[in-house]
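>>> Let me see the structure of the following:
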Amino acid sequence: MKICVLALDGVFDTGVTAMLDTFCMANDLAKMRGADTEPFQVTVVGMKSRVRTALGLTMQVAPVRDVKHPDWVIVPALNAKMPDVLVAALARRDVEAAKSHLRAWRAQGIGIAAACIGTFVLADSGLLDGEAATTTWSLAPLFRERYPAVKLDDSRMIVTSNGLVTAGAAMGHLDLALWFVRQTSPDLASRVANFLLIDHRASQAEYIIPDFLAHADPLVERFERWSREHLSQGFSLEDAANALHVHVRTLQRRTEQVLGKSPLAFFQDLRIQRARQLLSNGCDLDTIAAQVGYADASTLRSLLRRKLGRTVKELRVEGH
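Coordinates of the predicted model:
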């Protein structure tokens, strides 16, 4: 498989190196098992012959004009964590040129993938319009605002859609590289994961910090504060809207636009977050259930298992 990693100035160092190391490990393990050729031929390319990374390192790369027909092009993240910095980066001349190349590669039938903030570059090219995608959870509100035509599911770690692949936050670069290895050989992917100690993460939902996302919008932020104050009382959409002096439909619409979920779903996220904190502090489940608005511990136990895929015992161990 011929893969080009498209590195731009200010690229997230760990993202690039994590992918390159994963592909290198896959090639090494394949050779150890008797493969005649390396399964991955990986080339780092850029808009010019040298790229300066976010940490100030200089990488020698192959100019894009020298790229021969690859099977896939991968866009790693730019190190632009804040919305205003990211928006400015997307308008840079080299990023605009990269988006043009992405469209040209796609027109040739070449697969395109992106991880973390690299998904913004891909979305900005227009190639994700009408397609399913994921992105870094911390900037999902901005993604929804800028790209309403994209079917975003930021709870997922990897999303594939018609020859386009997107991956979630930061270390999602590892998950994306493993996805490519898995397409060649599931057994090889398993061995690579074992050697590099990479856990299987189908979802990034459990890493999401609900109150961080709420700050993306003043009304949602107020709703988040109201929700925390009323966790023990249970949820009422009407009560929330009345307390915030807005119509029920306004609150419903705004949370869907900003968070991609209903007010009740967000309230549930806050319940889970608080329950996990109390579990790590050693509180018993009956006490926790009362504090997050459940009449009995069994209902809370089922919610945690359904949402997080782990038992209360496992969550206690993780908290310590």
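>>> From here on, just use CA atoms for contacts and neighbour counts.
OK.
>>> Pull up the distance across stretch 253-270, start to finish.
The separation between the terminal residues of stretch 253-270, taken as CA to CA, to the nearest Å, is 19 Å.
>>> can you check stretch 272-292 too?
By CA to CA, one end of stretch 272-292 lies 8 Å from the other end.
>>> Any buried residues in it, and which?
In terms of neighbour count (16 or more other CA atoms under 10 Å), stretch 272-292 has its buried residues at 272-279, 285, 288-292.
>>> Residue 143: which of those residues is nearest?
residue 273 (23.4 Å; CA to CA).
>>> Next, format the buried residues of stretch 272-292 as CSV and append pLDDT.
As requested, these are exported to CSV (pLDDT from 0 to 100):
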residue, pLDDT
272, 89
273, 89
274, 89
275, 89
276, 86
277, 85
278, 88
279, 86
285, 88
288, 90
289, 89
290, 89
291, 90
292, 89
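>>> Mark which of these are part of strands, please.
Using DSSP state E, no member of those falls within strands.
>>> Wait, residue 169 touches residue 135, no?
Yes - Residue 169 is within contact range of residue 135, at 6.5 Å (criterion: CA atoms under 8 Å).
>>> what do these two both touch?
Here residue 169 and residue 135 have 115, 116, 117 as joint contacts, going by CA atoms under 8 Å, 6 or more residues apart in numbering.
>>> can you pick the most crowded of those?
Counting neighbours by other CA atoms under 10 Å, residue 115 comes out on top of those with 33 neighbours.
>>> What number of residues are in the vicinity of the residue nearest to residue 182 when sequence neighbours are not counted?
Closest residue to residue 182 apart from its sequence neighbours, by CA to CA, 6 or more residues apart in numbering: residue 189 at 5.0 Å. By other CA under 10 Å, the residues close to residue 189 number 23.
>>> List of residues touching the helix or strand where residue 189 lies?
When elements are assigned from DSSP states H and E, residue 189 belongs to helix 186-196. By CA under 8 Å, 6+ apart, the surrounding residues in contact with helix 186-196 are 22, 25, 26, 29, 30, 178, 179, 181, 182, 199.
>>> one more time with 6 Å
Here helix 186-196 makes contact (CA atoms under 6 Å, 6 or more residues apart in numbering) with 26, 178, 181, 182.
>>> where's the last one, which helix or strand?
Translated: residue 182. Following DSSP H and E, one finds residue 182 within helix 172-184.
>>> name the helices or strands packed onto that helix?
Under the contact criterion of 3 or more CA pairs under 6 Å, 6 or more residues apart in numbering; DSSP states H and E, helix 172-184 touches helix 13-32, helix 186-196.
>>> Send me the worst-scoring helix or strand of the chain on mean pLDDT as CSV with only the CA atoms.
For the chain, counting by mean pLDDT, DSSP states H and E, helix 312-319 ranks last in confidence among helices and strands (a mean of 76). C-alpha atoms of helix 312-319 as CSV (Å, rounded to 0.1, in the frame of the first residue of the first chain):
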residue,chain,number,x,y,z
VAL,A,312,-18.6,-0.2,38.3
LYS,A,313,-15.8,-2.4,39.7
GLU,A,314,-13.7,-1.7,36.6
LEU,A,315,-14.4,2.0,36.8
ARG,A,316,-13.3,2.1,40.5
VAL,A,317,-10.0,0.4,39.5
GLU,A,318,-9.4,2.9,36.8
GLY,A,319,-10.1,5.8,39.2
